[in-house]
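[1] what's the 3D shape of this:
(chains A and B)
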Amino acid sequence: GAVVSQHPSRVICKSGTSVKIECRSLDFQATTMFWYRQFPKQSLMLMATSNEGSKATYEQGVEKDKFLINHASLTLSTLTVTSAHPEDSSFYICSARHPSTGELFFGEGSRLTVL
Amino acid sequence: QQPVQSPQAVILREGEDAVINCSSSKALYSVHWYRQKHGEAPIFLMILLKGGEQKGHDKISASFNEKKQQSSLYLTASQLSYSGTYFCGPREGGATNKLIFGTGTLLAVQP
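    Numbers count the residues shown, from 1 in each chain, chains lettered A, B, ... in the order given. Here you go, the predicted structure:
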């Protein structure tokens, strides 16, 4: 079964609305989760590092006010795309790092389409 | 800075071998290798931690050079199931230990 669960898998929204994506670590406690974005035929680009109980660390060029990250517990991180626009349409993937092995476990991904 | 992978794409016939290279401009803490099928999340293949390390399982293996700036993934006697996009994921050291993915290599194995 899935080690990291991501929801929703697909979402379509109107421009200007906000969308929340959840990432849950099912088998282990993850103090650190990562959020990636992937455009078609491109690599995964790290957006931010989500730290439990503290502020997320954003990569250069990623707007923290637009992509709100909350890591309220050791098993849940959320990404909220605020005031979404068509250019935000993408495949968003979260991952959680196993505390012992360092292996990254990925969620199933969420495909966002903004009309 | 994003690690560079080569080749960008490769087409093989079943049973052929392939090598995918991953190069970073700086020494890395470790390197991970992942394979991603279209529309799916990446799947972990292996992790290398030490300079000069080589490891593998089945017919997929990888190496990490002594300076820890380059890694190669070796696919031998390829199978149809090997098709997908391969990413190296060098892990930086320090407090965040974040994983930055390489540019990717598309592998297509044909019958």
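
[2] give me the low-pLDDT residue ranges for chain A?
    A:1-2 (pLDDT under 70).

[3] correct me if wrong: residue B:77 contacts residue B:15.
    Yes - using CB atoms under 8 Å, residue B:77 is in contact with residue B:15, at 5.4 Å. In this view, the C-beta of every residue, glycine as well, is placed from N, C-alpha and C.

[4] stretch B:5-17 and chain A, any residue contact?
    No - interface with chain A: stretch B:5-17 contributes nothing (CB under 8 Å from any CB of the partner chain), its closest point being 8.5 Å away.

[5] with just CA atoms, put that stretch into PDB.
    In PDB, the C-alpha atoms belonging to stretch B:5-17 read as follows (Å, rounded to 0.1, in the frame of the first residue of the first chain):
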ATOM      1  CA  GLN B   5      21.800  14.100 -17.000                       C
ATOM      2  CA  SER B   6      22.900  12.600 -20.200                       C
ATOM      3  CA  PRO B   7      21.600  11.400 -22.600                       C
ATOM      4  CA  GLN B   8      18.300  13.300 -22.600                       C
ATOM      5  CA  ALA B   9      16.600  10.400 -24.300                       C
ATOM      6  CA  VAL B  10      17.500   6.900 -25.400                       C
ATOM      7  CA  ILE B  11      15.600   4.200 -27.300                       C
ATOM      8  CA  LEU B  12      16.600   0.600 -26.900                       C
ATOM      9  CA  ARG B  13      15.400  -2.800 -28.000                       C
ATOM     10  CA  GLU B  14      14.700  -5.400 -25.400                       C
ATOM     11  CA  GLY B  15      17.900  -7.000 -24.200                       C
ATOM     12  CA  GLU B  16      20.200  -4.000 -24.900                       C
ATOM     13  CA  ASP B  17      22.100  -2.100 -22.300                       C
END
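
[6] buried residues, that stretch. List them.
    B:5, B:10, B:12 (16 or more other CB atoms under 10 Å in any protein chain shown).

[7] so which of these comes closest to chain A?
    residue B:5 (8.5 Å; CB to the nearest CB).

[8] pLDDT on whichever strand or helix holds the closest one, on average?
    Secondary structure from DSSP states H and E places residue B:5 in strand B:4-6. If you average the pLDDT over strand B:4-6, you get 95.

[9] go through the buried residues of stretch B:5-17 and name the one nearest residue B:34.
    Residue B:34 lies nearest to residue B:5 out of these, by CB to CB, at 11.6 Å.

[10] which residues sit in contact with that closest one?
    B:20-23, B:86-88, B:102-105 (CB atoms under 8 Å, 6 or more residues apart in numbering or on different chains).
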